[in-house]
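[1] no letters, just coordinates:
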């Protein structure tokens, strides 16, 4: 009986669903009116979008005809906007039950653009500007006589005048003659160019600490230059680049503020962001352990959109306290001066290093994410490492006090579509760091490296991406034991050859400690696939080698492979990878796990 009861219940549910189906169908959206007589699919789609839909059928023939009349008005508006002026539109209603609204349409011929003219109510002061405005019309004889194209053409004329300094240019009522004899549309634009506006100084309005004189130094124009919207927009972009303001408005002052020489100020309104923020970040890998960063930021303390940062880091391989100040637009737009200092304690498989540094860096941006920089770092540290004599197979502990001066130079070209989750384009990074070491083991050397990466989407939506990376490095002058252990090249770990422990690719000393090298070669290949809008998967292969001479050595490659998942946040993906080494070093685990923010490269 229990089985029979379940069958009866199921049958009752199915019968109810069938009985409700017609009601659901009636409640579904349907066109307000049927359209007959339009063969052009694109025109028909525009008409259907314009007339809209209803949720219920008409209750009477009167109701259906009322809907048809409403739809006919929309049809006429679409036809006229698309250049059909000899139309015949007849609203009607069917005799069906329920009745249906119907619109019979004969679009007639499509009108074309004929003569186009510009009537200057007040012309610009020079012929070159007039010619530029006329060139911006863009309508050609024979083009479809669409209303939207005519209106856009008028807008382009005004925009061309504005770009050349006529900030008050405006159109008057246009004249459009529709010639039914030859089926043409003949627009005449009536334009008032107004006076040529020249730029004056800035009016800075702010409730914060910003020095108006500093803002004025960012203006990309000189007093008396002709107004240029692009220059005003560039000043706003420079202010936004500082990331110190919550709201920024940069606009030309109203016309009544124009002086006798035709000059007008630019009004800059600034609202400061919160004066301080706290940021925290965390990362983990089986090779490098847990890492925690906390930063306290203070903004605009020097009244020039500066950012002061106090940093604390606690990680298994790097512990430090630091402070720095970043001064944007130092000396010229796009250049940032950063001054900083750190106290650090680094414990890696290859060395133990404690000390302090002072640094200064000048970074010049060109483009959104590309830059070159030059800086100077002065360090004093205690470096405990192991020196190996291969001739006698002797390992000697070394406890060195070193003073190090490094001239840091770098170039970063980023032509990818996203710095943290690129799907197309390429990147190139290069550094060259001349270094002078004094103290227990003096030496002078050059450390240089270059890295390139490419991103190739395999479909239009970039759901599947092939990413590649190649990195080469070289240290010129000095032997392995001459170079401080923290300046040597190492490979293995999250951003290097995955599957291997941190610094575990390359020569390993008899005490199982990485030796490092004078050259580096690394390569990576990834296949990235976005499975859903929030989740993605990755498969990858990494390879790398460390050489004992300045020339990169490709003869002793270590390789690893693995897979991972990505969770896409609005600003960057969270990355979780598991990787396996092809040749596991003695004492290392059979796999490595990595969790961080952003793609591997």
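    Arrived safely, thanks for sending. Values in this document were obtained by computation on a predicted structure and should not be read as measured data.
[2] what residue ranges in the stretch 101-250 of the chain score low on pLDDT?
    For the stretch 101-250 of the chain, no stretch has pLDDT under 70.
[3] partner strands of whichever strand or helix holds residue 560 and their direction?
    Following DSSP states H and E, one finds residue 560 within strand 558-568. Partners of strand 558-568 in the sheet, by DSSP bridges, are strand 535-547 (antiparallel), strand 573-581 (antiparallel).
[4] and those strands: which comes nearest residue 404?
    Among those, the nearest to residue 404 by Cβ to Cβ is strand 535-547 (21.6 Å). No exception for glycine: its C-beta is placed from N, CA and C like everyone else's.
[5] which one of the strands paired with strand 558-568 lies closest to residue 416?
    So among the strands paired with strand 558-568, strand 573-581 is nearest, using Cβ to Cβ, at 14.2 Å.
[6] can you give the strand pairings for the helix or strand following the closest one, parallel or anti for each?
    Sequence-wise, the next helix or strand downstream of strand 573-581 (DSSP H and E) is strand 592-597. Paired strands of strand 592-597, with direction, are strand 276-285 (antiparallel), strand 573-581 (antiparallel) (DSSP bridges).
[7] strand 592-597: which residues count as buried?
    592-596 (16 or more other Cβ atoms under 10 Å).
[8] and what of stretch 525-537?
    Quick answer for stretch 525-537 (16+ other Cβ under 10 Å): 526, 528, 530, 536.
[9] partner strands of whichever strand or helix holds the second one, parallel or antiparallel?
    Put plainly, it is residue 528. Assigned by DSSP H and E, residue 528 belongs to strand 519-530. Its sheet considered, strand 519-530 pairs with strand 464-476 (antiparallel), strand 535-547 (antiparallel) by DSSP bridges.
[10] ranking the strands paired with strand 592-597 by burial, who's on top?
    Greatest average neighbour count among these goes to strand 573-581 (a mean of 20), per mean count of other Cβ atoms under 10 Å.
[11] what lies in contact with that strand?
    420-421, 494, 498-500, 536, 538, 540, 542, 558-567, 588, 590-600 (Cβ atoms under 8 Å, 6 or more residues apart in numbering).
[12] how does it look with 7 Å?
    421, 498-500, 560-567, 590-600 (Cβ atoms under 7 Å, 6 or more residues apart in numbering).
[13] do the same with stretch 439-448
    So stretch 439-448 is contacted by 400-403, 431-437, 473-478, 482-483, 487 (Cβ under 7 Å, 6+ apart).
[14] most tightly packed of the strands paired with strand 519-530?
    By mean count of other Cβ under 10 Å, the strands paired with strand 519-530 have strand 535-547 as the most buried, with a mean of 21.
[15] now that strand: how far from the chain's centre is it?
    24 Å (Cα atoms, centre = their mean, to the nearest Å).
[16] now stretch 63-83: mean pLDDT?
    Per-residue pLDDT values over stretch 63-83 give a mean of 94.
[17] before we move on, the earlier item: which one of the strands paired with strand 519-530 lies nearest to residue 330?
    Comparing those by Cβ to Cβ, strand 464-476 comes nearest, at 30.0 Å.
[18] pLDDT (mean, whole number) over the closest one?
    97.
[19] same check on stretch 44-57?
    Across stretch 44-57, the per-residue pLDDT values average to 93.
[20] ok now it, how far from the chain's centre?
    38 Å.
[21] what's the answer for stretch 369-379, then?
    The answer for stretch 369-379 is 23 Å, by Cα atoms, centre = their mean.
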